[in-house]
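*Asks:* starting from these lines, generate the structure:
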Amino acid sequence: MPDINKEEMREKLGNIDQIRDIIFGPQLREYNSRLDNIESNISLLEKDIRERLEQTQNACLAELRSAVESLDTKTKSLSLTTQNDNAEIRQLIDHFNKKYSSRIDALSQTVEQQTTSIQKDLSETRDKLQENNRTLKQEIFTQLEKRFSNLKGTKVSRDDLAEILFELGLRIKGNELAPELQKAAGNEQKNDVFLIEASEVAN
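*Replies:* All right, here's what the predicted structure looks like:
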């Protein structure tokens, strides 16, 4: 078999971005889709919470206004003769104000706590997915690095190189690397090592 030369090696390797997309593109798109769905659900939930809060506030204010108007009407219709009567009515008004103000404050606090918790969960989920992406990338580059390191000092034909790359792609896209992906380290510097190794093979 004829030896593979520098130009043929570059032609076989092709665009590194295309190789990455073929190998782990579906996983990245799945993670991005999951993030988009989570963010969409969060937006819908926040919108629903705001609408419910607004409805509750409007209902409380309407009931409060009705009670105040009723008391004011009663005050005007009655001939109050003592300050005790006026004080009693004012106490009732204050009671309504305090009652519904407390409800609104409690509801606002609950909504704020729930929103904070949801945002925290979203942030943790995003971080986890990003870490999974980094781990997957690292494992892919580790496997590629191992393959190319085996090619050092060895004359490889075009067909042999194509077969190696094809086999590697099938392994990484399959389930064979699942246990290894869970143990892979997140050291991004290995990407540079892989590129240097591949360059040495090409030369």
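*Asks:* and the strands in this structure?
*Replies:* Secondary structure of the chain (DSSP state E): no strands located.
*Asks:* next, count neighbours for the closest residue to Thr125 other than its chain neighbours.
*Replies:* The shortest distance from Thr125 to any non-neighbouring residue, by Cβ to Cβ, 6 or more residues apart in numbering, is to Ile38 (6.0 Å). All C-beta spots, glycine's among them, are computed from the backbone N, C-alpha and C. Ile38 has 16 neighbours, counted by other Cβ atoms under 10 Å.
*Asks:* Ile38 against Glu124, yeah?
*Replies:* No: contact between Ile38 and Glu124 fails when scored by Cβ atoms under 8 Å: they sit 10.8 Å apart.
*Asks:* what residue, apart from its backbone neighbours, is nearest Leu53 spatially?
*Replies:* Val111 (5.5 Å).
*Asks:* what is the burial count for the one you found?
*Replies:* If we define neighbours as other Cβ under 10 Å, then Val111 has 16 of them.
*Asks:* hmm, back to that, ok, now which ones touch the residue nearest to Thr125?
*Replies:* Contacts for Ile38 (Cβ atoms under 8 Å, 6 or more residues apart in numbering) come out as 122, 125-126.
*Asks:* for Leu28, state which of those is nearest.
*Replies:* Arg126 (13.6 Å; Cβ to Cβ).
*Asks:* for the closest one, give its distance to Gln143.
*Replies:* 26 Å (Cβ to Cβ, to the nearest Å).
*Asks:* state the mean pLDDT of the lengthiest helix in the chain.
*Replies:* Looking across the chain with DSSP state H, the single longest helix is helix 83-149. What helix 83-149 shows for mean pLDDT is 77.
*Asks:* packing partners of that helix?
*Replies:* helix 16-77, helix 158-173, helix 178-183, helix 190-202 (3 or more Cβ pairs under 8 Å, 6 or more residues apart in numbering; DSSP states H and E).
*Asks:* returning to what we had before: more neighbours, Arg126 and Gln143?
*Replies:* Comparing Arg126 with Gln143 by other Cβ under 10 Å, the one with more neighbours is Gln143, at 18 against 15.
*Asks:* test my guess that Gln57 contacts Ile104.
*Replies:* Yes: here Gln57 reaches Ile104: they are 5.7 Å apart, a contact under Cβ under 8 Å.
*Asks:* need the overlap of contacts for those two.
*Replies:* By Cβ under 8 Å, 6+ apart, no residue touches both Gln57 and Ile104.
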